[in-house]
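>>> Predicted structure and sequence below. I'll ask about it afterward.
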Amino acid sequence: MSLPIIDIAPYLGDNHDVDARNATSEALHSACLKFGFFYLDISKYVDPAVPEELTTLAREFFALPQEEKDKLSLSNKDHARGYARLKENVTNGKADNHEGLDFYRPVEEPDKSRPLWGENQFPDQVPGFREKYEAWVDKMKALGLIVMEAMAVGLGMTPDEWQDLRGQVDDSFWVMRAIGYPPLPNDSDGFSCGAHKDYGCLTFLYADPTPSALQVFLQQSAGTISPDTTGLPAEQGAQEGIWINADPIPGCVVCNIGEMWEIWTNGLYKSTLHRVVHRSSNYRISVPFFFEPNFSAHVQPLAAAKRIQEAAGSVAEKKSIVYGDFLMAKVGNNFAGDKGKYDK
Ligand SMILES: O=C(O)CCC(=O)C(=O)O
Ligand SMILES: [Fe+2]
């Protein structure tokens, strides 16, 4: 089984081929119902050399001496923006075998004593890093809005409903991350990155060509498969399913939906567990961009999702949150120093 490849080209520029747009939107709808994960073909949107360069810059940063990297430590600032050492992040109670550098949407009045509210820390030691990453963030923010519009059509939203949803994501509190993965030792009982769901809206993941690293958990009913539930978070332990590889495909980013889409669709779209198990001998780099709602967005079930559920006769579970509060609860975990960003 492999994840679908969806071309975003029909939604780019002045291309208004309605049939092609609808085909993209329907493919997004069905991928979100079934997998919560898909490949997004962005080859008409960006030159593949651009994200590849980001991995080169990240590789240069992670190759610096430890004391140089530590100058950008998360603990200098707000415990969210900056560099986390190998094994500093913990998922499901185990240290992740990666190091990382995180950037968030800048805030108007930075205050490093407040969780999340500090300034980004760019590695001046790596020439071009800041400029290239900032340019990518702009490109991915615009892509976020494009994909959101295509998804709104797929969900059957009216133009007015889309405008309302757009108002919740048009000042995205985005996150850009560069992650470095040394090989996971064979005798390790942990993971390169433990199983988790992304908590936001849309993740656009570009990674170097290393195969067999990112794995996606597909739920399957008992009896049809031999289940592999190792490494699942405790609350998911009873699920049965299989892990499939989501290897990079040239011209594509791996895209997955986060927990905000579960809330917007009242559980119709599921945010899917994934993990990284990188056992080959190279040093792997990935550069995920997280397109998130606005900090003040009030995220609640959308009428379009409820229409689909009512037509199917299913009873709705309702949940609503303010994105900033939800994020603070996650990142506050980092601040307290006892839990990782994906732990509940
Ligand atoms: O490195 C990867 O392939 C995935 C990273 C990831 O899932 C995350 O940072 O949320
Ligand atoms: Fe993730």
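Received it, and whenever you're ready, just let me know what you need. Numbering: from 1, shown residues only. Ligands and ions are numbered 1, 2, ... in the order given.

>>> CA only for contacts and neighbour counts going forward, please
OK.

>>> which helix is the longest one in the protein?
If you go by DSSP state H, the chain has its longest helix at helix 129-154.

>>> nearest residue to Ala20 other than its sequence neighbours?
Nearest non-adjacent residue to Ala20, counting by C-alpha to C-alpha, 6 or more residues apart in numbering: Pro10, 5.8 Å away.

>>> should've said Met140
The nearest residue in space to Met140 (C-alpha to C-alpha, 6+ apart) is Phe289, at 7.1 Å.

>>> Are there helices or strands packed against the helix or strand where that neighbour lies, and which ones?
Following DSSP states H and E, one finds Phe289 within strand 284-291. Strand 284-291 sits against helix 49-62, helix 129-154, strand 175-181, strand 202-207, with contacts defined as 3 or more C-alpha pairs under 8 Å, 6 or more residues apart in numbering; DSSP states H and E.

>>> what residues does the stretch 151-300 of the chain put near ligand 1?
198, 214, 276, 286 (C-alpha under 6 Å from any ligand atom).

>>> Please list all residues in contact with the most centrally placed residue in the chain.
In the chain, the residue lying closest to the centroid (C-alpha atoms, centre = their mean) is Thr203, at 3.0 Å. Residues counted as contacts of Thr203 (C-alpha atoms under 8 Å, 6 or more residues apart in numbering) are 254-258, 288-291.

>>> so how far is Ala142 from it?
Taking C-alpha to C-alpha, to the nearest Å as the measure, Thr203 falls 13 Å from Ala142.

>>> on that earlier part again, want to try JSON lines for the helices and strands packed on strand 284-291, with mean pLDDT as columns?
Formatted as JSON lines, the helices and strands packed on strand 284-291 follow (pLDDT from 0 to 100):
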{"stretch": "helix 49-62", "mean pLDDT": "98"}
{"stretch": "helix 129-154", "mean pLDDT": "98"}
{"stretch": "strand 175-181", "mean pLDDT": "98"}
{"stretch": "strand 202-207", "mean pLDDT": "98"}
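
>>> Next up, the contacts around Pro250.
Under the criterion of C-alpha under 8 Å, 6+ apart, the contact list for Pro250 reads Pro48.

>>> Quick check: which element contains it?
Pro250 belongs to no helix or strand, assigned by DSSP H and E.

>>> How about the secondary structure of Asn256?
Assigned state for Asn256: strand (three-state reduction, DSSP: H, G, I helix; E, B strand; the rest coil).

>>> How about it, nearest residue that isn't a chain neighbour?
Leaving aside its chain neighbours, Asn256 sits nearest to Phe37 (4.3 Å; criterion: C-alpha to C-alpha, 6+ apart).

>>> So what's the residue count around Asp187?
6 (other C-alpha atoms under 10 Å).

>>> same deal with Asp111?
Residues near Asp111, counting by other C-alpha under 10 Å, number 14.

>>> need the contact list for it.
Counting by C-alpha under 8 Å, 6+ apart, Asp111 touches 78, 117-119.

>>> And it, how far from Lys77?
Taken as C-alpha to C-alpha, the span from Asp111 to Lys77 is 9 Å.

>>> what about the helices in the protein?
Using DSSP H, helices in the chain cover 18-34, 49-62, 66-70, 129-154, 159-169, 259-264, 303-311, 323-336.

>>> what residues are up against Leu214?
Residues in contact with Leu214, defined by C-alpha under 8 Å, 6+ apart, are 245-247, 274-278.

>>> And the pLDDT for it?
What the model reports as pLDDT for Leu214 is 98.

>>> Return the residues in contact with the nearest residue in space to it that is not next to it in sequence.
Nearest-residue entry for Leu214: Val276, 4.5 Å, with adjacent residues in sequence omitted and distances by C-alpha to C-alpha, 6+ apart. Applying C-alpha under 8 Å, 6+ apart, we find Val276 in contact with 191-195, 213-215.

>>> one more time with 6 Å, if that's ok
By C-alpha atoms under 6 Å, 6 or more residues apart in numbering, the contact list for Val276 reads 192-193, 213-215.

>>> Now, the residues you listed that are in strands?
193, 214-215 (DSSP state E).

>>> Sort out which one of those residues lies nearest Cys32 for me.
Gln215 (16.9 Å; C-alpha to C-alpha).

>>> neighbours around that closest one, how many?
What Gln215 shows, counting by other C-alpha under 10 Å, is a neighbour count of 19.

>>> Just list whatever residues bridge to it.
Beta bridges link Gln215 to Asn245, Arg275, judged by DSSP bridges.

>>> I'd say it and Ile242 touch.
No - assessed by C-alpha atoms under 6 Å, Gln215 is found out of contact with Ile242, at 9.5 Å.
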